[in-house]
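1. Fold the following, please.
(one chain, ligands or ions: 1)
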Amino acid sequence: MTKGIFITFEGIEGSGKTTQVNLLAEKFKAEGFKVLKTFEPGDTLAGKKIREILLNSNVPINSLCELLLYFADRVQHVEEVIKPALKEGYIVICDRFTDSTLAYQGFGRGVSIDLIRNLNKMLLGDFMPDFTVLLDLQAEIGLKRNKDINKRDRFEMEDIKFHNKVREGYLQIASIEKERFLVIDAYRPPIEICEEVHRKISLIFGL
Ligand code: TMP
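-> Okay, here's the model as predicted:
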């Protein structure tokens, strides 16, 4: 491959994104592709610092500050990690990207969706994922899965209403961009989900 493929995974807390990123990466690696796994926020040196502020519920930040920090992380991440890997022909698999900002800051916090889309355009131009998998499940179940592993950051502290808005937001975003999105029922067994995602991506991109 001369130019790589940029794949993102999206979903609420506890939807199984990290598991799916790992499974898909292994599958493509086994087929001989160069694969880079990455995530947002926090997969650059600057991003690690930004992540500390973003997820620490003891640091008060307002919604716009939060929004700009997610974009600060993303701009650095795209230039430092994602674009160079794509140029070298990697399949880049990223845990969360701009759709998270639309879902959490837009639909969840109530920041203007137009503002987020305009900022994205100004900062990233036409750069966007080639393909996005949305792992969909009920917020109650996702949160319970996370509570079982004792995760309590800024977003795990939000109430169920917030997470329902995020879930609905994701579904709305996916319904607007049907070509880019694959919506998956995240209750299904992880291996089965991975098989379907892999099949679909291989078909679309002729791998
Ligand atoms: P993680 O738990 O998947 O590492 O993600 C960290 C949190 O950041 C998660 O609760 C979702 C949130 N988030 C946003 O609110 N907006 C964003 O743009 C991104 C990338 C993540």
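
2. Now the residue most central in space within the chain. Nearest residue, chain neighbours left out?
-> In the chain, the residue lying closest to the centroid (CA atoms, centre = their mean) is residue 96, at 1.3 Å. When the adjacent residues along the chain are set aside, residue 96 lies closest to residue 40, with 4.6 Å between them (CB to CB, 6 or more residues apart in numbering). C-beta: built from backbone N, CA, C; applies to glycine.

3. My understanding was that the one you found contacts residue 78; is that so?
-> No: if you go by CB atoms under 8 Å, residue 40 and residue 78 don't touch, sitting 9.7 Å apart.

4. neighbour count winner among these two?
-> Per other CB atoms under 10 Å, whichever of residue 40 and residue 78 has more neighbours is residue 40, with 24 against 21.

5. What residues does that one make contact with?
-> By CB atoms under 8 Å, 6 or more residues apart in numbering, the contact list for residue 40 reads 47, 70, 73-74, 77, 94-97, 100.

6. If we use 7 Å, what do you get?
-> With CB atoms under 7 Å, 6 or more residues apart in numbering as the criterion, the residues that contact residue 40 are 73-74, 77, 94, 96-97, 100.

7. just those residues that are near the ligand?
-> Taking CB under 6 Å from any ligand atom, the overlap between the contacts of residue 40 and the neighbourhood of the ligand is 96, 100.

8. Could you point out which of the contacts of residue 40 is nearest to residue 3?
-> Ranking those by separation from residue 3, with CB to CB as the measure, puts residue 94 on top at 16.1 Å.

9. name the element that closest one belongs to?
-> strand 91-95 (DSSP states H and E).

10. hmm, who's touching the helix or strand bottoming out on mean pLDDT in the chain?
-> Of all helical and strand segments in the chain, the minimum by mean pLDDT, DSSP states H and E falls on helix 139-148, at a mean of 82. Residues from elsewhere that reach helix 139-148, judged by CB under 7 Å, 6+ apart: 12-15, 156, 160, 163-164, 167.

11. Buried ones among these?
-> Among the contacts of helix 139-148, the ones that count as buried by 16 or more other CB atoms under 10 Å are 12-15, 156, 163-164, 167.

12. Need the worst-confidence member of the residues you listed.
-> Ranked by pLDDT, the buried ones among the contacts of helix 139-148 bottom out at residue 156, which has 65.

13. Can you list the residue ranges for strands in this structure?
-> Taking DSSP state E as the criterion, the chain contains strands spanning 5-11, 35-39, 91-95, 131-136, 181-185.

14. Please consider this matter closed, and thank you.
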